[in-house]
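K.L.:
Let's see this in three dimensions:
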Amino acid sequence: MIAPRGETRMVRRFALAALGVLAFVGVARAAPSHTAEILWDRFGVPHVYAKTTPDLFYGFGGAQLKSHGDLLLKLYAEGRGRAAEYFGRDELASDRWMAINDVPARAKVWLAAQTPAFRENLEAFAAGINAYAAAHPDAITDVSRRVLPITGADVIGYSERLFQYVYIAPQAVADHLPADSILPARGKELGAAAQAPSRDADSDPPSDNGSNGWAIAPSRSADGKTMMVMNPHLPWGPAWSTYYEAQLTAPGIDLYGATQVGLPVLRFVFSDQLGITNTVDKTNGMTLYKITPTGDGYLFDGKVLPFEVRDVPLKVRRPDGGFDVETVHVRSTVQGPIVAMRDGAPIALRVAGLDRPQALEQYWQMETAPDFAHYQAALRRLQVPTFNIIYGDRDGHIEYLFNGLVPRHAFGDLTFWSGVVPGDTSRTLWADYLTYDELPKAIDPAVGAVQNSNDPPWDAAFPAIIDPKPYGAYITPDAVSLRMARGLRMLAEHERITFDQLVADRWSTRSELADRLLPSLEAAVEARGDAKAKEAAAVLARWDRTTDAASRGALVFLAWSDAVKHPNGYDGAGFQTPYDLARPLATPTGFADPAAAVAALDEAVHKMEDMGVPLDAPWSSVMRLKWGGLDLPASGGPGRLGVFHVIDYAAPVAGIRAANFGASYQAVVSFDSPARAKVLMSYGESSKPGSSHAGDQLPLLSAKQMRDAWRTRAQVEANLESRDVF
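P.N.:
Modelled structure (predicted):
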């Protein structure tokens, strides 16, 4: 007897489902079991020991769950595009953004595209998270538990969200699209500063997201050893920007460093062989396209093409525990999804790297490379879509690379490609990137050092200069980063640099902006100023030009600098002598408008009087380190002042400004045998409520001190707090 067609389909569906269940059971039975040992030192740093590489990833996942459980699961919920389902309507904007850009679906494709060995590592990392949560139910809240279990696809999806949609796209998108577009609100979804838990007021925008990174060759070090400085600057707070320090040890592997919570590999890392650090760069790895609608489609190369349309239902948890469903209607073009409307026209977004699924594996290959040749082979893959990458090794090699996926443009300049370009022609549809050989870089330069402080690549090995002319359509030709200039000045001060000097330079709070402008300001005040301005100028004349806790005059200088309103304090506006690429230690300088500078000083004086702050008050009378119940004096200032030790601060609350941005993880490394390092995690190793490691390193930060990195098992056991085996 022949079954009816509908019944036949039903039987087939049941059979396929049964096979799927059997396959799942088979996979579950065949899934490898993992084990790892974690020694926790007295600063809450996990030292993960494992017998295999997958076990190492497993242990690292468990460690992150213990230290940052709720934060970790929130990040994965956002990467999964289901945060509103778990946490409520406040997360809906993030979920819409993930749906529009198809991140959750792509994560599954990307997981399948991993090499079998690295896919096993990712799945092991996820398994470690799940296993630790199951064994330690008090590690997370019931609300966060909704996100479990975590999968390898979640790890991949979160990394894409971080690299492509926090680092590459957001700010450029925000600069060109209206605030009422369908993009997420300007906030955490677009990578803005996270608010620290101790504050009552909204934070000011961060002054310059990024980092300082140096590599010193043996020819420049006093003891003939390669040395490095690793110092990322990001917002402080429970968000994507939170760093986590760890040691990872398995046969043939001994890595120490830090990464952002949620990533299974270290981004700031050293071993006995090599070290790698990153700074934020501007790869211009995204393009916005103005689409021309025609009928039900859009115009492209003289033809009308149909939009690719899909509907994505999003569950939204209500306060009563029930759910609403919002459907996101997504239209896509050959360039990418429509992300906004501007002046009645759809705007499409094209982001670099959606064809490069192996960024995490590339990081792993870089940090475990046995030598410089293998490291460069990993770099050449160009899977990591952004970041300057700085390298040093015990063999004496150093390298700076303007790394990233830089779209290749057939015509036009940077101004054209940084705006909204015509989307009705294939001439603007880039499909390729600059190769590794084409990217700006400096390898083993004669000067014996490479550096970057988020500036363009041209002065990476100063005084040698990388010619910016070939990159006119890709990379900004210049940018006056006085923080970079301060770093170059410190490097130039010593023919041979000791490890102790490197640590001291890392803590430098001297203001390059003050060195450039105070003499001109004092002269302008003497010629034009009133009594108030002259009183302030007298304070500035006595000031030591640092933002140390006890410095008197730094507060009025900051108030004056902000009143001058140079755009970001970096691009040369308002300077008499503009920036000259060949003279970064002497330009820019002076005032184009001395009268405006004096007027700004008057404004700064009145502002401080209104706040009740004396002109010669110590920096730390206003600037504080407030975290984990602590309230300590702060040293360090905004990067816009040309300060190398970057700490920026929230808006005043009752006259106090709490640190909320800047030096996060810090490491100064020397490739002795074995490698040694001084390290610090400014805000501590845990975001778990009530943890003793939330803010416990703040006293060291306040005192401008670092810890020894404990790398041998004997050192760790001598400073042991607890032990986990799971």
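K.L.:
What pLDDT is listed against the closest residue to residue 652 other than its chain neighbours?
P.N.:
Among residues not flanking residue 652 along the chain, residue 611 sits closest, at 6.8 Å (Cβ to Cβ, 6 or more residues apart in numbering). No exception for glycine: its C-beta is placed from N, CA and C like everyone else's. pLDDT recorded at residue 611 is 92.
K.L.:
Quick check: residue 611 touching residue 655?
P.N.:
Yes - contact criterion Cβ atoms under 8 Å: residue 611 and residue 655 qualify, at 5.9 Å.
K.L.:
Have a look at those two and say which one is more surrounded.
P.N.:
residue 611 (13 against 10; other Cβ atoms under 10 Å).
K.L.:
ok, residue 50 touching residue 37?
P.N.:
Yes - Residue 50 is within contact range of residue 37, at 7.3 Å (criterion: Cβ under 8 Å).
K.L.:
Please enumerate the shared neighbours of those two.
P.N.:
Listed as contacting both residue 50 and residue 37 by Cβ atoms under 8 Å, 6 or more residues apart in numbering are residue 59.
K.L.:
Which of the two has more residues huddled nearby?
P.N.:
In terms of neighbours (other Cβ under 10 Å), residue 50 is the more surrounded of residue 50 and residue 37; the figures are 23 against 16.
K.L.:
How about that one, nearest residue that isn't a chain neighbour?
P.N.:
Using Cβ to Cβ, 6+ apart, the closest residue to residue 50 is residue 56 (4.0 Å).
K.L.:
Checking the one you found next. Helix, strand or coil?
P.N.:
Secondary structure assignment for residue 56 (DSSP: H, G, I helix; E, B strand; the rest coil): helix.
K.L.:
how many other residues sit next to it?
P.N.:
Neighbours of residue 56 (other Cβ under 10 Å): 26.
K.L.:
what do you get for residue 621?
P.N.:
16.
K.L.:
tell me the contacts of it?
P.N.:
555, 613.
K.L.:
For it, give me phi and psi.
P.N.:
phi -70, psi -20 (degrees, to the nearest 10).
K.L.:
Could you report the separation of it from residue 639?
P.N.:
Per Cβ to Cβ, to the nearest Å, residue 621 is found 22 Å from residue 639.
K.L.:
Return the residues in contact with residue 581.
P.N.:
458, 459, 465, 468, 478.
K.L.:
so the fourth one touches residue 478, yeah?
P.N.:
Right, the one you point to is residue 468. Yes - Residue 468 is in contact with residue 478 according to Cβ under 8 Å; the separation is 7.2 Å.
K.L.:
Need the overlap of contacts for those two.
P.N.:
What both residue 468 and residue 478 touch, as defined by Cβ under 8 Å, 6+ apart, is the set 456, 458, 581.
K.L.:
can you map out the strands along the stretch 551-700 of the chain?
P.N.:
575-577, 589-591, 623-627, 630-633, 647-649, 657-663, 665-670, 676-681 (DSSP state E, counting those that start in this stretch).
K.L.:
swap in the stretch 151-300 of the chain?
P.N.:
Counting by DSSP E, counting those that start in this stretch, the strands of the stretch 151-300 of the chain are 210-216, 227-235, 243-250, 253-260, 268-270, 274-279, 286-290, 293-294, 297-300.
K.L.:
again with the stretch 351-500 of the chain
P.N.:
Counting by DSSP E, counting those that start in this stretch, the strands of the stretch 351-500 of the chain are 388-393, 398-401, 420-422, 441-443, 449-452.
K.L.:
Could you measure from residue 369 over to residue 255?
P.N.:
11 Å.
K.L.:
er, residue 269 I mean
P.N.:
5 Å.
K.L.:
Common neighbours of these two, please.
P.N.:
residue 367.
K.L.:
Relative to residue 510, which of the strands of the stretch 551-700 of the chain is closest?
P.N.:
strand 647-649 (13.9 Å; Cβ to Cβ).
K.L.:
how many neighbours does residue 102 have?
P.N.:
Neighbour tally, residue 102, other Cβ under 10 Å: 18.
K.L.:
dump the residue contacts of it.
P.N.:
330, 337.
K.L.:
Need the phi and psi values for it.
P.N.:
phi 60, psi 30.
K.L.:
ok, now how distant is it from residue 722?
P.N.:
42 Å.
K.L.:
do residue 606 as well
P.N.:
On the measure of Cβ to Cβ, residue 606 and residue 722 end up 54 Å apart.
K.L.:
Check residue 672 too.
P.N.:
Taking Cβ to Cβ, one finds residue 672 at 30 Å from residue 722.
K.L.:
who's more crowded, the two?
P.N.:
residue 672 (15 against 11).
K.L.:
isn't residue 328 right up against residue 101?
P.N.:
No - assessed by Cβ under 8 Å, residue 328 is found out of contact with residue 101, at 10.8 Å.
K.L.:
More neighbours: which of these two?
P.N.:
residue 101 (24 against 18).
K.L.:
quick one: contacts for the more buried one?
P.N.:
Residue 101 is in contact with 164, 165, 337, 349, 351, counting by Cβ under 8 Å, 6+ apart.
K.L.:
Walk me through the domains of this protein.
P.N.:
Here the domain parsing of the chain from automatic domain parsing is 212-280+358-409+435-506, 512-643.
K.L.:
Where among the ones you listed is average confidence lowest?
P.N.:
Comparing the domains of the chain on mean pLDDT, the least confident stretch is domain 512-643, scoring a mean of 91.
K.L.:
Endpoint to endpoint, that domain covers what distance?
P.N.:
6 Å (Cα to Cα, to the nearest Å).
K.L.:
How far off centre is that domain?
P.N.:
28 Å (Cα atoms, centre = their mean, to the nearest Å).
K.L.:
Quick check on residue 720: phi, psi?
P.N.:
The phi/psi pair for residue 720 (degrees, to the nearest 10) is phi -80, psi 140.
K.L.:
neighbours of the closest residue to it other than its chain neighbours, just the number please.
P.N.:
Leaving aside its sequence neighbours, residue 720 sits nearest to residue 39 (Cβ to Cβ, 6+ apart; 6.0 Å). A total of 22 residues lie near residue 39 under the criterion other Cβ under 10 Å.
K.L.:
how far away is residue 39 from residue 66?
P.N.:
For residue 39 relative to residue 66 (Cβ to Cβ), the value is 13 Å.
K.L.:
anything in contact with each of these two?
P.N.:
residue 46.
K.L.:
Against residue 332, how distant is the residue lying closest to residue 265 once chain neighbours are set aside?
P.N.:
Using Cβ to Cβ, 6+ apart and skipping the chain neighbours, the partner closest in space to residue 265 is residue 363 (4.3 Å). As judged by Cβ to Cβ, residue 363 and residue 332 stand 30 Å apart.
K.L.:
between these two, who's got more neighbours?
P.N.:
Between residue 363 and residue 332, counting by other Cβ under 10 Å, residue 363 is the more crowded of the two (25 against 17).
K.L.:
Distance to residue 79 for the domains of the chain - can I get that in JSON lines?
P.N.:
What follows is the domains of the chain, written out as JSON lines (distance: least, Cβ to Cβ, whole Å):
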{"stretch": "domain 212-280+358-409+435-506", "distance to residue 79": "8"}
{"stretch": "domain 512-643", "distance to residue 79": "26"}
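K.L.:
so which of these is the most packed in?
P.N.:
Comparing the domains of the chain by mean neighbour count (mean count of other Cβ atoms under 10 Å), domain 212-280+358-409+435-506 ranks first with a mean of 21.
K.L.:
just how off-centre is that one within its chain?
P.N.:
14 Å.
K.L.:
Now do that domain: distance from first to last residue.
P.N.:
When the termini of domain 212-280+358-409+435-506 are compared using Cα to Cα, they are 9 Å apart.
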